[in-house]
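*Asks:* pasting the structure only:
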């Protein structure tokens, strides 16, 4: 076998010795300035292991490193700026506690901030508490934010708090398995794309998930309990909202506002909400296999929304199943499959699970009541009853509105795990107490 020349062998040996395989590990003791000193003295690829105690911040990580430690290792920013700033690719943080950021919203002070060139950051298993924003993914691509507990602030007013996770212009982000409580929004995604938000739990927030100008992003298997609004998809395109639970949220379970070409499926919205789903100027969306239950309004559909498909959904025990503000005729069945309506007294003589009669949720009096609420005083009068009887007997007299020509006889079920149902029960009734903070969700400009 022919041997390589000595200079080439020396070069290969030098490269191997300087590669990440030769990365070192070191223990970092708590104390003022020690974490910053350890970062400054570390080589790319090193692992810094924190022990229990307090480490002073803020600190900036400017090279690829792993920093890990137990919950009792606390990095405290002392109330100034962001506590940990990542300014290099391939950085991993895991296990320890991050607290004490500044509270300047205009500066986006955060517990952990991932900057524009800090690609492939991994933030796993941290406790992030007492910060303005929890984790700010601010431009770095392909971040992984997994299994963290994020506890936001409770004061001052809700609109002036920070977000649990803020994603800005950061394609490829994965946010998975985090528990987020208090603060403003659980996940606020702004001007971003091609990301996945999966399996997170949100409690005591303004919005669980809030999209603005976010495209081709998935929101899957998340749980929103007792928030002001569950899943707000706004000014966005090609979103997938699948398998989420909105339980006891106040205003809307799902809101599509200026959102197009999206797939909304397998979601459960139950109880507490004024509107299970609110569709405002949203087009060409597929809304199917969802269960909307125990809301003030099952679906509020307005502002010229067009070419949406609604099929195989279940609308159950909502005080008003449909509020369609418009005069066009809307067909809410697709290829012979409509939706289940719990207030539809229907028969199925041929046993095909499709009701024999068409479902029509609203009549002329509903339109009058929406525009003139004072007319509700007359709803029991003989004149109003005569109008409603005439429209039911002579459908040609009905105004434009929603028709389901193939309503279903059976409602789909979406189970809720016992531990989540217990949290739902604990939050039940909170909106009857009148403490709604400072937010007006009907004012779309405030979002």
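*Replies:* Yep, that arrived. Please read these numbers as outputs of a predicted model, since none were measured by experiment.

*Asks:* can I assume residue 421 sits in a helix?
*Replies:* Yes: the assignment for residue 421 (DSSP: H, G, I helix; E, B strand; the rest coil) places it in a helix.

*Asks:* Now do it against residue 149, distance only.
*Replies:* 21 Å (CB to CB, to the nearest Å). Every C-beta, even on glycine, is put in place using the N, C-alpha and C of the backbone.

*Asks:* buried set for the lengthiest strand in the chain?
*Replies:* Longest strand in the chain by number of residues (criterion: DSSP state E): strand 207-215. By neighbour count on 16 or more other CB atoms under 10 Å, the buried set for strand 207-215 is 207, 208, 209, 210, 211, 212, 214, 215.

*Asks:* pLDDT and distance to residue 162 added to these, as JSON lines?
*Replies:* Shown next, in JSON lines, are those (pLDDT from 0 to 100; distance: CB to CB, whole Å):
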{"residue": "207", "pLDDT": "97", "distance to residue 162": "13"}
{"residue": "208", "pLDDT": "98", "distance to residue 162": "15"}
{"residue": "209", "pLDDT": "98", "distance to residue 162": "16"}
{"residue": "210", "pLDDT": "98", "distance to residue 162": "13"}
{"residue": "211", "pLDDT": "97", "distance to residue 162": "17"}
{"residue": "212", "pLDDT": "97", "distance to residue 162": "16"}
{"residue": "214", "pLDDT": "97", "distance to residue 162": "18"}
{"residue": "215", "pLDDT": "97", "distance to residue 162": "24"}
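
*Asks:* Between which two of those residues is the distance greatest?
*Replies:* 208 and 215 (19.5 Å; CB to CB).

*Asks:* can you give me the mean pLDDT across stretch 69-84?
*Replies:* For stretch 69-84, mean pLDDT is 97.

*Asks:* May I see the buried residues of that stretch?
*Replies:* 69, 73, 74, 75, 76, 77, 81, 82, 83, 84.

*Asks:* outside of the longest strand of the chain, which residues touch it?
*Replies:* 163, 167, 184-195, 197, 202, 217, 219, 222, 224, 227-239, 246, 249, 259, 447 (CB atoms under 8 Å, 6 or more residues apart in numbering).

*Asks:* List buried residues within these.
*Replies:* 163, 167, 184-190, 192-195, 197, 202, 217, 219, 222, 224, 227-239, 246, 249, 259, 447.

*Asks:* From those residues, which land in strands?
*Replies:* Using DSSP E, these in strands are 167, 187-190, 192-193, 197, 202, 219, 224, 229-234, 246.

*Asks:* Which one's more surrounded, residue 421 and residue 149?
*Replies:* residue 149 (18 against 15; other CB atoms under 10 Å).

*Asks:* Distance of that one relative to residue 111?
*Replies:* For residue 149, the distance to residue 111 - CB to CB - is 11 Å.

*Asks:* shared neighbours, these two?
*Replies:* By CB under 8 Å, 6+ apart, the residues touching both residue 149 and residue 111 are 126, 128, 129.

*Asks:* The second one pairs with what?
*Replies:* Counting by DSSP bridges, residue 128 is bridged to residue 98, residue 150.

*Asks:* what number of residues lie near it?
*Replies:* 30.

*Asks:* do the same with the first one
*Replies:* When counting by other CB under 10 Å, one arrives at 27 neighbours for residue 126.

*Asks:* thought it was touching residue 98?
*Replies:* Yes: counting by CB atoms under 8 Å, residue 126 touches residue 98, with 5.8 Å between them.

*Asks:* what are the phi and psi angles of residue 160?
*Replies:* phi -100, psi 10 (degrees, to the nearest 10).

*Asks:* So the closest residue to it other than its chain neighbours versus residue 124, what's the distance?
*Replies:* Closest residue in space to residue 160, ignoring its immediate chain neighbours: residue 105 at 6.6 Å, by CB to CB, 6 or more residues apart in numbering. For residue 105, the distance to residue 124 equals 26 Å [CB to CB].

*Asks:* how distant is stretch 329-341 from the center of its chain?
*Replies:* 28 Å (CA atoms, centre = their mean, to the nearest Å).

*Asks:* so for that stretch, what's the average pLDDT?
*Replies:* Mean predicted lDDT for stretch 329-341 stands at 92.

*Asks:* how far does it stretch from start to finish?
*Replies:* Start-to-end span of stretch 329-341 (CA to CA, to the nearest Å) is 19 Å.

*Asks:* Can you point out the buried residues in that stretch?
*Replies:* 330, 332, 333, 338, 339, 340, 341.

*Asks:* for those residues, which one is nearest residue 265?
*Replies:* residue 339 (13.1 Å).

*Asks:* so who does the closest one touch?
*Replies:* Taking CB under 8 Å, 6+ apart, one finds 310, 311, 312, 313, 314, 315, 332, 333, 359, 404, 407, 408 in contact with residue 339.
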